[in-house]
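J.: Okay, predicted coordinates and the sequence, questions at the end:
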Amino acid sequence: MKKLLTTSALVAALGLPQLAVAESHSSLDPNAKSGGNITVTYKDDVATLDPAIGYDWQNWSMIKSLYDGLMDYEPGTTELRPGLAESYEISDDGMVFTFKLREGVKFHNGRVMTADDVKYSLDRVTNPKTQSPGAGFFGSIAGYDAMSSGEAEELSGVKVLDDQTVEITLSRPDATFLHVMGLNFASVVAKEAVEAAGADFGKTAMGTGAFKLADWTIGQKLVFAKNEDYWRAGLPYLDSVTFEVGQEPIVALLRLQNGEVDVPGDGIPPAKFQEVMGDPEQAARVIEGGQLHTGYITLNVKMAPFDNVDVRKAVNMAINKERITQVINGRAVPATQPLPPSMPGYTEGYEGYAYDPDAAKELLAEAGFADGFETELFVMNTDPNPRIAQAIQQDLSKIGIKALIQSLAQASVIAAGGEADQAPMIWSGGMAWIADFPDASNFYGPILGCDGAVQGGWNWSWYCNADADAMAIEADSMTDPAKVEERLKMWSDVYMKVMEDAPWVPVFNEQRYTMKSERMGGDDKLYVDPVSIPVNYDYVYVNDVQ
Amino acid sequence: MLAFIVKRLIQSALILLGVSFITFALLYLLPADPVRQIAGRSATPETVANIRTQLGLDKPFVVQYARYLGNLVQGDLGRSYLQKTEVSTLIASRLPASLLLMLGAIVCELVLGITMGVVAALRRGTSTDNALMMASFIGVSAPQFVVGLLMLYVFAVQLHWFPIGGYGTFAHLVLPSITLGILGSGWYSRMMRSSMIDVLRQDFIRTARAKGLSRMRVLSRHALPNAILPIIAMIGIDVGIFMGGIVVVESVFGWPGIGQLAWQAIQRVDIPIIMGVTLVSACAIVIGNLVADIASLFADPRIKVR
């Protein structure tokens, strides 16, 4: 559900020279034409455009185009690049980051953005009154604890040195800090606009981004207009982007085929997938890419018989992952481990638990369950998840495990997973982890670490391995760019340790498919941009202008 | 008469109170934690606790309900958990679209239903009658989701007569109105048919014919006004049926009304919106029934107030 930023990042992040000077204009497309409008559709209303609040895959890319943060990503990639920061310096111990801001960047209201705005924005997102779901990402900034407990009104670790310079001090080494500065939550907002709008700020927008919010008719549409003063010269190419909401995916597809829509934001409806891909003319306009997603089955290690590691391994061997990917028309690749293949730290060559029902049955017998047992499999009740659960159920029945499917609304499954004794097994589909930012650490803490194994947490297997946790903390303290490889190796080891204990059955990594109208141009990678879903609005263009 | 209306108004208020209590209790009992939904997966336990306190969701049920009622009587429906907007603003901005759609559906079902019913009654026992009653049966049985998609596919995608969903012009209104109205037109045509057959058997019709009035005149001046009475009472009740139908129809056609709002809120457990839309719908149903009762009182003096 939540947002993803992507991939081979860490190398890029820490591999950047200590003083990064930015902006190669390599990212400008010589074939691009300026002008025109595109129409993007969504089923759901846009919940909010407040960058401190917005945390779903729909508003994430919208907010990216309205706002900028200190850090940013090369379009279509997971490589970090400086955003509002022109350059930055990291102290030798990795604890102090000094960001030099670009000169003359203006908010949409014409006011020049300064270091005070950066500080205000970080103070705002970490203030408990803001209720930001992303506040926890800033936990490594000095003064965060005082802020979150309500004792302080500002982060002591964020200092304004002059109008163009911000110094951020950490309370602990954090190898992922530059990624955090690239999250939407770290976007720079204009204080006067926040104060003027009050509680309704999320229905307005005032940033420095490539587009400004021109119109929002609630329940119908949003119009983004080009920011003529955008600080990245030449961008954006489009004059405007219109988002029409309340459109069922199947209707959106019909309208796309009719030439009324350029990008169906919710993607190709599963029921129509084969039909679209079977038509060469339409399939040519579908762009496929990987995403930082893993779908998995959690095995609750606190509930018998999954407290027995052999039972968990047997379940791992019993699942035919290849067949499950067929259930979703092959829109995924089978997974062997928690990390998706495009994530740095992924263990190449690791085979995982191969499908072998006979061996699984034997292992189960050795564990004392020769006749199998009965259990429950929780699943979210929207297609294709119940069908996937049935495939899992069949696989389990082959080794004698009788799994009863509990098909529930998303919120109910999440609630059951957050209790230690309710859900023996959960299929993660529809709620699965998609990385917030492209770093190996992002697949651990909340979903596999001890911190997440608490009531209301997201570690639904309730797995807590103190050794693995200690290694994870050590890895994230390695901020020295020279140790990038070593850090990734360490993360790889953490996930291998997890696989030995088998609290999950990693099932597949979903692929992403973006469909576009014929007139849309720009590099294919912009349409599977790991950071901006469905597309990177700042860089795409249309061919039928002028 | 006045006493009757006052009595009905008091009853209505009690019904609304009951609806609010049942809905609130059901949402409270739902095994889903709205705070987890708001906080998202990366939230720390402190963030979750902080949001829970700020929304008052750490309080016991009775306190939460009392506070909701307290705000409600002041016209405050609260703020959406996820959209952070006033629920009353969200509903107010979408209500006109829903009312317009319902009006369209009423027109459509009356025109279709009455025409079909009258024709079937006059041609009773013929193949025309059978075909019409079969059509009305299909109209009553067909799921609106399917009807909507078929309408879109045939009349918008294939024939290009109407836009493919959306809102704004008269052309946008046609397909969703028909989809929503088809169910009612099925009922109306059957009611109209039997009511018409009854009326046509009455003595006064024979008298009118015997006076030498034309067949058309007998029909329009004597039969129809009498046969149509039961239909009037139905329109008010229809509002309740529409409230269910708009959730589906508005979603299919991308119609920005409160049905769509409710559907999205249910999927995201946005409790203040669910409560707000439920109460507004309940109000509409209660008012619809009240108006229907009063209208039939005026239209048919045979109904006596007790």
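T.: Nice, I can see it. Numbering: from 1, shown residues only, chains lettered A, B, ... in the order given.
J.: State the helix or strand in which A:Glu348 lies.
T.: A:Glu348 is part of no helix or strand, with elements assigned from DSSP states H and E.
J.: mind checking pLDDT for it?
T.: In this model, A:Glu348 is scored at 92, pLDDT.
J.: Next: the one 10 residues further on.
T.: pLDDT, A:Asp358: 95.
J.: a helix runs through it, doesn't it?
T.: Yes - using DSSP: H, G, I helix; E, B strand; the rest coil, the secondary structure at A:Asp358 is a helix.
J.: Can you report how many residues neighbour it?
T.: Burial of A:Asp358, expressed as a neighbour count using other CB atoms under 10 Å in any protein chain shown, amounts to 11. C-beta: built from backbone N, CA, C; applies to glycine.
J.: What of A:Ala411?
T.: Per other CB under 10 Å, the neighbour tally for A:Ala411 reads 20.
J.: quick one: which helix or strand includes it?
T.: Assigned by DSSP H and E, A:Ala411 belongs to helix A:410-417.
J.: now check the helix or strand just after that helix, is it near chain B?
T.: Counting by DSSP H and E, the next helix or strand C-terminal to helix A:410-417 is strand A:425-427. No - shown here: strand A:425-427 not in contact with chain B (CB under 8 Å from any CB of the partner chain), separated by at least 13.8 Å.
J.: So which residues of the stretch 201-306 of chain B form helices?
T.: All helices of the stretch 201-306 of chain B, identified by DSSP state H, counting those that start in this stretch, fall at B:203-210, B:215-217, B:224-227, B:229-253, B:258-267, B:271-299.
J.: Can you show me the CA trace of the first one as CSV?
T.: Written as CSV, here are the backbone C-alpha positions of helix B:203-210 (Å, rounded to 0.1, in the frame of the first residue of the first chain):
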residue,chain,number,x,y,z
ASP,B,203,-67.6,1.0,-12.6
PHE,B,204,-66.7,4.6,-13.1
ILE,B,205,-64.5,3.7,-16.1
ARG,B,206,-67.4,1.9,-17.6
THR,B,207,-69.6,4.9,-16.9
ALA,B,208,-67.1,7.2,-18.5
ARG,B,209,-66.9,5.0,-21.6
ALA,B,210,-70.7,4.8,-21.6
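J.: I'd like the mean pLDDT over that helix, please.
T.: Averaged across helix B:203-210, the pLDDT comes to 86.
J.: Return the set of buried residues in that helix.
T.: B:Ile205, B:Ala208 (16 or more other CB atoms under 10 Å in any protein chain shown).
J.: Quick one: list the elements packing against the helix holding A:Ala411.
T.: Packing contacts for helix A:410-417, counted by 3 or more CB pairs under 8 Å, 6 or more residues apart in numbering or on different chains; DSSP states H and E, involve strand A:373-380, strand A:425-427, helix B:34-39.
J.: Let me know which of those is tucked in deepest.
T.: strand A:425-427 (a mean of 27; mean count of other CB atoms under 10 Å in any protein chain shown).
J.: That one pairs with which strands, and in what direction?
T.: strand A:293-299 (antiparallel), strand A:373-380 (parallel) (DSSP bridges).
J.: pull the CA atoms of the shortest one into PDB?
T.: Included here for strand A:293-299 are C-alpha records, laid out as PDB according to Å, rounded to 0.1, in the frame of the first residue of the first chain:
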ATOM      1  CA  HIS A 293       8.200  -5.400  -3.600                       C
ATOM      2  CA  THR A 294       8.100  -8.800  -2.000                       C
ATOM      3  CA  GLY A 295       5.000 -10.800  -1.400                       C
ATOM      4  CA  TYR A 296       5.300 -13.300   1.400                       C
ATOM      5  CA  ILE A 297       3.500 -15.600   3.800                       C
ATOM      6  CA  THR A 298       4.200 -14.900   7.500                       C
ATOM      7  CA  LEU A 299       4.400 -17.900   9.900                       C
END
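J.: Contact partners for the residue in chain A positioned nearest to chain B?
T.: Closest approach between chain A and chain B, counting by CB to the nearest CB: A:Ala411, at 3.1 Å. Under the criterion of CB atoms under 8 Å, 6 or more residues apart in numbering or on different chains, the neighbours of A:Ala411 are B:Leu30, B:Ala32, B:Asp33, B:Pro34, B:Arg36, B:Gln37, B:Val269.
J.: CSV please, covering the helices and strands packed on helix A:410-417 and showing distance to A:Ala482 and mean pLDDT.
T.: Formatted as CSV, these follow (distance: least, CB to CB, whole Å; pLDDT from 0 to 100):
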stretch, distance to A:Ala482, mean pLDDT
strand A:373-380, 44, 95
strand A:425-427, 40, 96
helix B:34-39, 37, 78
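J.: now these as TSV including distance to A:Leu80?
T.: Below are the helices and strands packed on helix A:410-417 laid out as TSV (distance: least, CB to CB, whole Å):
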stretch	distance to A:Leu80
strand A:373-380	33
strand A:425-427	33
helix B:34-39	27
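J.: Name the SS class of A:Glu89, please.
T.: With three-state DSSP as the basis, A:Glu89 sits in strand.
J.: May I see the buried residues of stretch B:73-82?
T.: Buried residues in stretch B:73-82, counted by 16+ other CB under 10 Å: B:Leu77, B:Gly78, B:Arg79, B:Ser80, B:Tyr81, B:Leu82.
J.: Just the pLDDT at the last one, thanks.
T.: Note on B:Leu82: pLDDT of 82.
J.: That one is in contact with B:Ile38, isn't it?
T.: Yes - between B:Leu82 and B:Ile38 there is a contact under CB atoms under 8 Å: 6.4 Å.
J.: Within its local environment, how many residues does A:Val327 see?
T.: A:Val327: 18 surrounding residues under other CB under 10 Å.
J.: pretty sure it is touching A:Ala391, no?
T.: Yes - A:Val327 is in contact with A:Ala391 according to CB under 8 Å; the separation is 5.3 Å.
J.: returning to what we had before: dump the helices of the stretch 201-306 of chain B into CSV; add distance to A:Val379 as well.
T.: Listed next are those as CSV, based on distance: least, CB to CB, whole Å:
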stretch, distance to A:Val379
helix B:203-210, 63
helix B:215-217, 63
helix B:224-227, 53
helix B:229-253, 23
helix B:258-267, 16
helix B:271-299, 23
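J.: Now tabulate those in JSON lines and tack on distance to chain A.
T.: Below are those laid out as JSON lines (distance: least, CB to the nearest CB, whole Å):
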{"stretch": "helix B:203-210", "distance to chain A": "49"}
{"stretch": "helix B:215-217", "distance to chain A": "44"}
{"stretch": "helix B:224-227", "distance to chain A": "39"}
{"stretch": "helix B:229-253", "distance to chain A": "6"}
{"stretch": "helix B:258-267", "distance to chain A": "5"}
{"stretch": "helix B:271-299", "distance to chain A": "10"}
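J.: which one of these lies closest to A:Asp68?
T.: Checking the helices of the stretch 201-306 of chain B against A:Asp68 by CB to CB gives helix B:258-267 as the closest, at 29.4 Å.
J.: how about the closest one as CSV, C-alpha atoms only?
T.: The C-alpha trace of helix B:258-267 is given here as CSV (Å, rounded to 0.1, in the frame of the first residue of the first chain):
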residue,chain,number,x,y,z
ILE,B,258,-21.8,10.7,-1.7
GLY,B,259,-22.1,7.0,-2.8
GLN,B,260,-18.6,7.1,-4.1
LEU,B,261,-17.4,8.9,-1.0
ALA,B,262,-18.9,6.2,1.2
TRP,B,263,-17.4,3.4,-0.9
GLN,B,264,-13.9,4.9,-0.6
ALA,B,265,-14.3,5.6,3.1
ILE,B,266,-15.4,2.0,3.8
GLN,B,267,-12.4,0.6,2.1
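J.: Residues in contact with that helix: which ones?
T.: Applying CB under 8 Å, 6+ apart, the contact partners of helix B:258-267 are A:44-45, A:219, A:246, A:409-410, B:80, B:90-91, B:94-95, B:98, B:243, B:245-251, B:254, B:270, B:273-274, B:277-278, B:280-281.
J.: what's the burial count for A:Ala142?
T.: 18.
J.: Then the one 3 residues further on?
T.: A:Asp145 sits with 13 neighbouring residues when counted by other CB under 10 Å.
J.: buried sites along the helix or strand where it lies?
T.: Under the criterion of DSSP H and E, A:Asp145 resides in helix A:144-148. For helix A:144-148, burial by neighbour count (16+ other CB under 10 Å) applies to A:Tyr144, A:Met147, A:Ser148.
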